[in-house]
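> From the sequence below, what's the structure:
(2 chains)
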Amino acid sequence: NAGVTQTPKFRVLKTGQSMTLLCAQDMNHEYMYWYRQDPGMGLRLIHYSVGEGTTAKGEVPDGYNVSRLKKQNFLLGLESAAPSQTSVYFCASSYWAAAQYFGPGTRLTVL
Amino acid sequence: SQQGEEDPQALSIQEGENATMNCSYKTSINNLQWYRQNSGRGLVHLILIRSNEREKHSGRLRVTLDTSKKSSSLLITASRAADTASYFCATGGGSNYKLTFGKGTLLTVNP
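Residues are numbered from 1 along each chain as shown, chains lettered A, B, ... in the order given. Just a heads-up that it's a prediction; the model follows:
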């Protein structure tokens, strides 16, 4: 099993550009999450999903959109990237009230 | 906003010594989890303790939970250089599937 995978691993964008981060899990988890990690800030929840076709806002959702068209995939979109979105992005998945399994992260720089 | 706050922010010990990290939180929880993050990698789940449990063990890890003081501690016994990492506590609240992470403790184990 691959667990949780993220694509791409690194990306550099210019301000105003758009991109989509892909998260895939092969553990049949219902719940999936997108976090961002910034120095000194820990992890902050951007959006999450409790099942295929559902999404919900987390702590810092502004500037991001998500979609969960298939149970195994959770996409995070940036429509118009801003320097404040420079961060490391982590995807995770889990069963209800259980351990979360994290992907390796995507390091995004917005110039 | 961060729910859990780890203490200390950084800890440096010698191989073979024990390492203790603490986590305090503010609101009632259903469970508390500890994660490890090696530099440049995703988070790895270590242990989950439910609100009705007081202590839990896993290998060289011992976690305690005091809901009256809203605090938890993670003890790593006989530390190894490979234990060098950041350690995060995460609290699960009413929704159970969402976690709120602290900012982490950076543990350095010197060989």
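> okay, CA-based contacts and neighbour counts for the rest of this
Will do.
> Tell me which residue of chain B lies closest to chain A.
residue B:103 (4.0 Å; C-alpha to the nearest C-alpha).
> for the closest residue to residue B:99 other than its chain neighbours, what are its contacts?
Nearest residue to residue B:99 in three dimensions, chain neighbours excluded: residue B:92, at 4.7 Å (C-alpha to C-alpha, 6 or more residues apart in numbering or on different chains). Residue B:92 makes contact with A:97, B:29, B:30, B:31, B:32, B:33, B:98, B:99, B:100, according to C-alpha atoms under 8 Å, 6 or more residues apart in numbering or on different chains.
> Give me the buried entries from these.
A:97, B:29, B:30, B:31, B:32, B:33, B:98, B:99, B:100 (16 or more other C-alpha atoms under 10 Å in any protein chain shown).
> Looks like the fourth one contacts residue B:47 (just checking).
Think residue B:31. No: counting by C-alpha atoms under 8 Å, residue B:31 stays clear of residue B:47, with 10.4 Å between them.
> Model confidence for the closest residue to residue A:105 other than its chain neighbours, exactly?
Among residues not flanking residue A:105 along the chain, residue A:90 sits closest, at 4.6 Å (C-alpha to C-alpha, 6+ apart). Residue A:90 is assigned a pLDDT of 98 by the prediction.
> so residue A:90 is in which element?
strand A:87-94 (DSSP states H and E).
> Can whatever helix or strand comes next after that strand be said to contact chain B?
Downstream of strand A:87-94, the next assigned helix or strand under DSSP H and E is strand A:101-102. Yes: judged by C-alpha under 8 Å from any C-alpha of the partner chain, strand A:101-102 and chain B are in contact via A:101, A:102.
> hang on, the earlier thing: nearest to residue A:49, of the buried ones among the contacts of residue B:92?
Closest approach to residue A:49 among the buried ones among the contacts of residue B:92 (C-alpha to C-alpha): residue B:98, at 10.0 Å.
> Beta-bridge partners for the residue lying closest to that closest one once chain neighbours are set aside, please?
Counting by C-alpha to C-alpha, 6+ apart, residue B:98 lies nearest to residue B:92, which is 6.0 Å off, once chain neighbours are set aside. In this entry, residue B:92 is beta-bridged to residue B:31, residue B:99, by DSSP bridges.
> Read off the pLDDT value for residue B:92.
83.
> Contact partners for the nearest residue to residue A:45 once chain neighbours are set aside?
Nearest residue to residue A:45, sequence neighbours excluded (C-alpha to C-alpha, 6+ apart): residue A:35, at 4.5 Å. Residue A:35 sits next to A:43, A:44, A:45, A:46, A:47, A:89, A:90, A:91 when contact means C-alpha under 8 Å, 6+ apart.
> I'd say the first one and residue B:101 touch.
In this case it means residue A:43. Yes: under the criterion of C-alpha under 8 Å, residue A:43 lies in contact with residue B:101, with a separation of 5.9 Å.
> ok but residue A:84 is inside a strand, no?
No: using DSSP: H, G, I helix; E, B strand; the rest coil, the secondary structure at residue A:84 is helix, not a strand.
> Show me what from chain A comes close to chain B.
So far as C-alpha under 8 Å from any C-alpha goes, chain A lies against chain B at A:31, A:40-45, A:59, A:90, A:94-105.
> Return the members of the residues you listed classed as buried.
Among these, the ones that count as buried by 16+ other C-alpha under 10 Å are A:31, A:42-45, A:90, A:94-95, A:97-105.
> Noted, bye for now.
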